[in-house]
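K.L.:
Give me the fold of what follows.
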Amino acid sequence: MRATQQSAAPAPEGPPGSRGYGAPGIAGVGTAVPRTSYTQEEVLDTFGITDPRIRSVFLGGAIERRGLTLPPAGPDGLPVVESQGDLLGKHTASGLRMGREAVERCLKDAGAALGDVRYLCCVTSTGLLTPGFSALLIKDLGVEQSCQRLDVVGMGCNAGLNALNAVVGWAGGHPGELALMVCIEVCSAAYVFDGTMRSSVVNSLFGDGAAAVAVRTAPQEPPAGPVLLKFSSHIIPEAVDAMRYHWDDGHGKYSFYLDPDVPYVVGANAETAVARLLRGTGLGIGDIGHWVVHSGGKKVIDALRVNLGLSRHDVRHTTGVLRDHGNLSSGSFLFSYERLRDERAAVRGDIGVLMTMGPGSTIETALVRW
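P.N.:
Have a look, this model is predicted:
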């Protein structure tokens, strides 16, 4: 039975099926970041940025530090300008290293081995590779050659839940088999440093990171983590250009654009997106005990809090990930989930919502139960 067909009502007691046995659940999680990280002040100083407007953007976004792979210094002491080829090389090398570490930590957390992996889904939006990260990781890690795979490329910050939906569908159809999703985002391979306010907003926000999650359907025992009950999408077509990654002829490389109205677009649609997820479950927003939300930025988080009536405590891990790592794109919500898991605040029967936002414009949600 597919996860979306399970009852969403919390039922900590009763027969095994009512406790989520036989439904896909999270078996483990692992994350990784670059070996080099910088405070916002260090990034500004590295690039010699003195414009007070740009400095205020960097220093006013509730981010303290981010993992980044910055270019080496040139003769003038400033970082050299990277070509699109340089950026793609960075995306590949750094992404493969972080992806490998995230997978290894995830498998350790799940009590599993590489030989247990039967399905691998890789997510990225910071570079285009053929073959993709799934094939590269299978070769690099020595995963079984019969492992089925999927690459989700270019969907942006929301893509982690889009891909997780596919992983859960596979796990539901292969009881007992282990499926992995790995989000690999080398955001510093998507930067354009030209001193403009447009690029500075992007450059002040994103950090590099990878996150892996293991999913398994265990018919005879409760999952280690929450059961994934239901997924829902809310697409906002009129905001299709609000977040986009496109070719910039002036710089000869790809460039990411964020519309200043993104926080308001996301906030205004958040309640509708959650209502669609909860439709038919008998649950309301007040029944949600845990929120695992993408760290999209301070204004985005504030807009969600206002429109959903969430407390600072509800989004503590979202703001903590933003503070320590910046916006990690598709894997951000798994960094938040890892912190919630480590906190051990969730108990059996608790209900949670996973939420990601990104280009489309799109709000993706998932309903989970511990």
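
K.L.:
how long is stretch 181-190 from one end to the other?
P.N.:
22 Å (C-alpha to C-alpha, to the nearest Å).

K.L.:
go on, stretch 52-67?
P.N.:
Stretch 52-67 end-to-end distance (C-alpha to C-alpha) = 24 Å.

K.L.:
Mind listing what's buried along it?
P.N.:
The neighbour-count check on stretch 52-67 (16 or more other C-beta atoms under 10 Å) flags 54-55, 57-58, 61, 63, 65-67 as buried. Every residue, glycine included, has its C-beta placed from N, CA and C.

K.L.:
Also stretch 270-281?
P.N.:
Result for stretch 270-281 [16+ other C-beta under 10 Å]: buried residues 270, 273-274, 277-278, 281.

K.L.:
hang on, Arg118 packs against Gln145?
P.N.:
No. With contact defined as C-beta atoms under 8 Å, Arg118 does not count as touching Gln145 (11.6 Å).

K.L.:
Among these two, which residue is more densely surrounded?
P.N.:
Arg118 (19 against 7; other C-beta atoms under 10 Å).

K.L.:
Give me the helices and strands touching the helix or strand containing Pro263, please.
P.N.:
For Pro263, the host element (DSSP states H and E) is helix 262-278. Judged by 3 or more C-beta pairs under 8 Å, 6 or more residues apart in numbering; DSSP states H and E, helix 262-278 is in contact with strand 227-235, helix 298-308, strand 351-358, strand 362-369.

K.L.:
and the last one, which strands flank it?
P.N.:
If I follow you right, that is strand 362-369. Strand 362-369 pairs in its sheet with strand 227-235 (antiparallel), strand 351-358 (antiparallel), by DSSP bridges.

K.L.:
now the angle between helix 298-308 and it, please.
P.N.:
In terms of direction (axes from the mean of the first three to the mean of the last three C-alpha atoms, to 10 degrees), strand 362-369 departs from helix 298-308 by 60 degrees.

K.L.:
So what touches strand 362-369?
P.N.:
Strand 362-369 has contacts (C-beta atoms under 8 Å, 6 or more residues apart in numbering) with 8, 10, 20, 26, 158, 161-162, 164-165, 226-236, 266, 269-270, 273-274, 276-278, 281, 283, 349-358.

K.L.:
State the mean pLDDT of that strand.
P.N.:
Averaging pLDDT along strand 362-369 yields 98.

K.L.:
quick one, it and helix 262-278 angle?
P.N.:
Going by the same axes, to 10 degrees, strand 362-369 makes 40 degrees with helix 262-278.

K.L.:
now the first one
P.N.:
Our comparison of strand 227-235 with helix 262-278, counting by the same axes, to 10 degrees, yields an angle of 130 degrees.

K.L.:
In CSV, list the helices and strands packed on helix 262-278 along with distance to Leu141 and mean neighbour count.
P.N.:
Compiled in CSV, the helices and strands packed on helix 262-278 are given as follows (distance: least, C-beta to C-beta, whole Å; neighbours: other C-beta atoms under 10 Å):
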stretch, distance to Leu141, mean neighbour count
strand 227-235, 25, 21
helix 298-308, 34, 19
strand 351-358, 26, 25
strand 362-369, 27, 26
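
K.L.:
Just tell me which of these ends up closest to Phe133.
P.N.:
strand 351-358 (18.5 Å; C-beta to C-beta).

K.L.:
before we move on, back to that, can you redo the helices and strands packed on helix 262-278 as CSV, where the extra columns are distance to Ser200?
P.N.:
Output for the helices and strands packed on helix 262-278, formatted as CSV (distance: least, C-beta to C-beta, whole Å):
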stretch, distance to Ser200
strand 227-235, 29
helix 298-308, 15
strand 351-358, 20
strand 362-369, 25
